[in-house]
Each structure stands twice: as C-alpha cells, then as structure tokens.
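J.: this one's sequence-less:
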C-alpha cells in the first residue's frame, strides 16, 4: 500500500511538471559585445572588443567570424579584428555583425562609445523577474551583478518564493530556455522564501548566460525562468 501511494505521488508530481515540457529547443541565435565601453580616451588609446556568440540551441561558439564597423571612423576607428582607437572627441557606434553558418541569419550587437579625456568601461547589472512555468508557486525579483572584488553574484529578492512541493528543484544558468544540456548548474534550491544569493565561480562572466532556469532535475522538466537582459 505504501509503495503504491509513493508511486502515485511521484507520478502526480511528474505530470504537474511535464505539462510545461518543451519538445522544440530552438532559440534565436545571438551575439553580444562582452566588454562594452562608455568612453575611450582620445589620441591613440585603444580597446580590443570581444564578443560572445550563442547558436540556435544556445551553445557558445568559439572564435566567431565577426565583422566590425564604426559609425564615424574619424571619431573612433576600428579594425577587422575589433581593435578600436580613439581619434577625435565625439561619439560613435560600434557594430558587431555575424552571419550564422547554420541558418544563414545575420545578427548584430552595438555599443555607443564616447571619445573623451579618459577610458571608462561599462559596469553592467542585470535586474529582472523569475516567473513560474508550471502550476507550482515560483517567482520573485533578481539582480545579477559583478561586485567590486570581481565576484559574480546572483541575488534573489525579498519577494522570492518557491513551493516546497517542487520535486528535486535545481537552479541553473543557461542560454537555451528549453534545455539545461549546456547550462551551468548552480545547485539544488535550499531556500524557498525570501532574500538570498549565490556567488558564482570567477570563470563565469556576467555576459555568458541569457536565462536563470529552475528545473525539476529528477524529471528533467523546467518549472521557472528569468531572462537575463
């Protein structure tokens, strides 16, 4: 009798999650400048722009074939390899363009740079919301930021709540909202209400992932997500 009851409970939990499962794991490919600038110093100061490219299933592709363009080369010059040089006071937009090999899609990312008396890198903080993608309660605000000591921290807000009935709940960072195949596993969820945070390894950049994912790990099904943008 106990075994039958346990089987029923597990089956119900499985179907509660499975109703939101996804079969098609294609996403829109994206490219973004991973080290944007606010300002670049005039008179020959240079900055090597870099990009991250994630393909149609969210897999990062190393050394993508990117073309670079400055909207005003007389203000900000840029080479084919993305090396920018400050020429004259003013503002110019740097555009990185890539045509995907898999689907022949052209995707771009831009960074507006002011050429001035100093070089200033851009400090990025992503703020968003976790939402439930199942019948279980899950949600709250989040902040993803790089601290002054270089640590990347994911903070969940006071309004965060997750159902304790969720079976085997894990949290991930990923680039495909439908899969955790190439995602970074932060670990099992141990806090189900209120503010808390996760400090992430120094090998992870704030630009490396596009989604915060909550997953029923035993059943391989997503139950919540937050888009990083």
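T.: Perfect, thanks for sending it. It should be emphasised that the depicted structure is a prediction, and the values quoted were computed from it without experimental measurement.
J.: start to end distance for stretch 51-61?
T.: With C-alpha to C-alpha, to the nearest Å as the measure, the ends of stretch 51-61 fall 10 Å from one another.
J.: so how far is it from its chain's centroid?
T.: Averaged C-alpha coordinates place stretch 51-61 at 11 Å from its chain's average position (C-alpha atoms, centre = their mean, to the nearest Å).
J.: Quick check, pLDDT for residue 64.
T.: Note for residue 64: predicted pLDDT of 92.
J.: for this structure, what spans make up the helices?
T.: 2-18 (DSSP state H).
J.: For it, give me the ranges with low pLDDT.
T.: Along the chain, segments meeting pLDDT under 70 span 1-24.
J.: Okay, domains of it per the record?
T.: As assigned by automatic domain parsing, the chain contains the domains 30-121, 124-227.
J.: Redo those domains as JSON lines? Include mean neighbour count.
T.: From N, CA and C alone the C-beta is placed, and that goes for glycine too. Listed next are these as JSON lines, based on neighbours: other C-beta atoms under 10 Å:
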{"stretch": "domain 30-121", "mean neighbour count": "16"}
{"stretch": "domain 124-227", "mean neighbour count": "17"}
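J.: Quick check: beta-bridge partners of residue 96?
T.: residue 68, residue 109 (DSSP bridges).
J.: nope, residue 33 is what I meant
T.: Under the criterion used here (DSSP bridges), residue 33 is bridged to residue 51.
J.: which residues touch residue 188?
T.: Residues near residue 188 by C-beta atoms under 8 Å, 6 or more residues apart in numbering: 168, 169, 170, 171, 217.
J.: which one of these is nearest residue 160?
T.: Here the nearest of those to residue 160, counting by C-beta to C-beta, is residue 171; it sits at 11.2 Å.
J.: Could you tell me how far the residue nearest to the closest one when sequence neighbours are not counted is located from residue 86?
T.: Nearest residue to residue 171 in three dimensions, chain neighbours excluded: residue 186, at 4.6 Å (C-beta to C-beta, 6 or more residues apart in numbering). To residue 86, residue 186 is 39 Å away according to C-beta to C-beta, to the nearest Å.
J.: got it, and residue 63?
T.: Residue 63 is 26 Å from residue 86, by C-beta to C-beta.
J.: Repeat that for residue 147.
T.: 29 Å.
J.: wouldn't residue 35 be in contact with residue 121 here?
T.: Yes: Residue 35 is within contact range of residue 121, at 7.2 Å (criterion: C-beta atoms under 8 Å).
J.: Cool, thanks, talk later.
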